[in-house]
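Chemist: Generate coordinates for the sequence data below:
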Amino acid sequence: MSVKVNVARLSSRGQIVIPKELREELGLKKDDLLLITTIEDTLVMKKLDRTKLLEEFESIRKAVKEKLSSEEVERLVHESRSKGESGY
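Modeler: Sure thing, here's the model as predicted:
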């Protein structure tokens, strides 16, 4: 396992610039997706494979479609929104 240490600055808008050396090493490009999680006071970022992510979403969509009718989905959405859980 390779460990590298770099410093990045957080902008006033909450943006972080990943150092060029790391972007090149990881093959990061504009519009790549990064999964960001925390472990106590530590941020961990992982590059997401867009193709695998879309495949996962598609398999979830198919599973939901097979298990729930359109009416059930509508009911669940309505219940969630009425409880203020829409996240908007």
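
Chemist: what helix or strand does the residue in the chain sticking out farthest from the centre sit in?
Modeler: Of all residues in the chain, Glu71 has its C-alpha farthest from the mean position, at 28.4 Å, by C-alpha atoms, centre = their mean. Glu71 belongs to helix 70-82 when elements are defined using DSSP states H and E.

Chemist: Distance from the chain centre to that helix, please.
Modeler: 24 Å (C-alpha atoms, centre = their mean, to the nearest Å).

Chemist: pLDDT averaged over that helix, what's the number?
Modeler: Here helix 70-82 scores 77 as its mean pLDDT.

Chemist: what does stretch 24-32 give?
Modeler: On average, stretch 24-32 scores 92.

Chemist: Endpoints of it, how far apart?
Modeler: Taking C-alpha to C-alpha, to the nearest Å, stretch 24-32 runs 13 Å from one end to the other.

Chemist: Name the residues of that stretch that come out as buried.
Modeler: Judged by neighbour count (16 or more other C-beta atoms under 10 Å), stretch 24-32 contains no buried residues. C-beta here means a position set from N, CA and C on the backbone, and glycine is covered the same way.

Chemist: Any idea how far that stretch is from the middle of the chain?
Modeler: 15 Å.

Chemist: before we move on, what about stretch 33-46?
Modeler: So, by C-alpha atoms, centre = their mean, the centroid of stretch 33-46 is 10 Å from its chain's centroid.

Chemist: From start to finish, how long is it in a straight line?
Modeler: Distance across stretch 33-46, first residue to last, is 9 Å (C-alpha to C-alpha).
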